[in-house]
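# My questions are about this predicted structure, shown below with the sequence.
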Amino acid sequence: EVHLVESGGGLVQAGGSLRLSCAASGFTFDDYAIGWFRQAPGKEREGVSSISSSDGSTYYADSVKGRFIISRDNAKKTVYLQMDRLKPEDTAVYYCAANRYTIVMAYIKPGYEFDYQGQGTQVTVSS
């Protein structure tokens, strides 16, 4: 059975940091590109970051570039999202998602389904 389990969310003041984790099981983790997207109430899903399955290349949305860092540990089947200098507009539920070989986070079409997706973790940034 496939699982993607996010953890590390919480409440933090603006300017603070959080580190999200996405632990995977039940599929060949090394073959999958992993991404993080977020969704705030009443808004569409917004791709935040991704990391490839092959060469570790990364993508960041302009809104988080320079503040967030994505990494993966294939031995632990885990992807991390280090979030620094958090802003109130970063408040959302953060989800990790997996697609075999490639994943596109620049734009998530409404209704698009990733191969696998976690249940999400709430991040709240107070001003």
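Ah, there it is.

# Phi and psi next, for the residue sitting nearest the centre point of the chain.
Centroid check for the chain by CA atoms, centre = their mean gives residue 36 as the closest residue, at 1.9 Å. Torsion angles at residue 36 (phi, psi; degrees, to the nearest 10) stand at phi -120, psi 130.

# what about residue 56, how many residues close to it?
Using other CB atoms under 10 Å, residue 56 has 11 other residues around it. C-beta here means a position set from N, CA and C on the backbone, and glycine is covered the same way.

# Which helix or strand contains it?
Secondary structure from DSSP states H and E places residue 56 outside every helix and strand.

# so what's it up against?
Residues in contact with residue 56, defined by CB atoms under 8 Å, 6 or more residues apart in numbering, are residue 72.

# so the nearest residue to residue 52 once chain neighbours are set aside, which of the three states?
Distances taken as CB to CB, 6 or more residues apart in numbering place residue 33 nearest to residue 52, at 5.1 Å, with adjacent residues excluded. When the structure is reduced to helix, strand and coil (DSSP: H, G, I helix; E, B strand; the rest coil), residue 33 reads as strand.

# Thanks a lot, catch you later.
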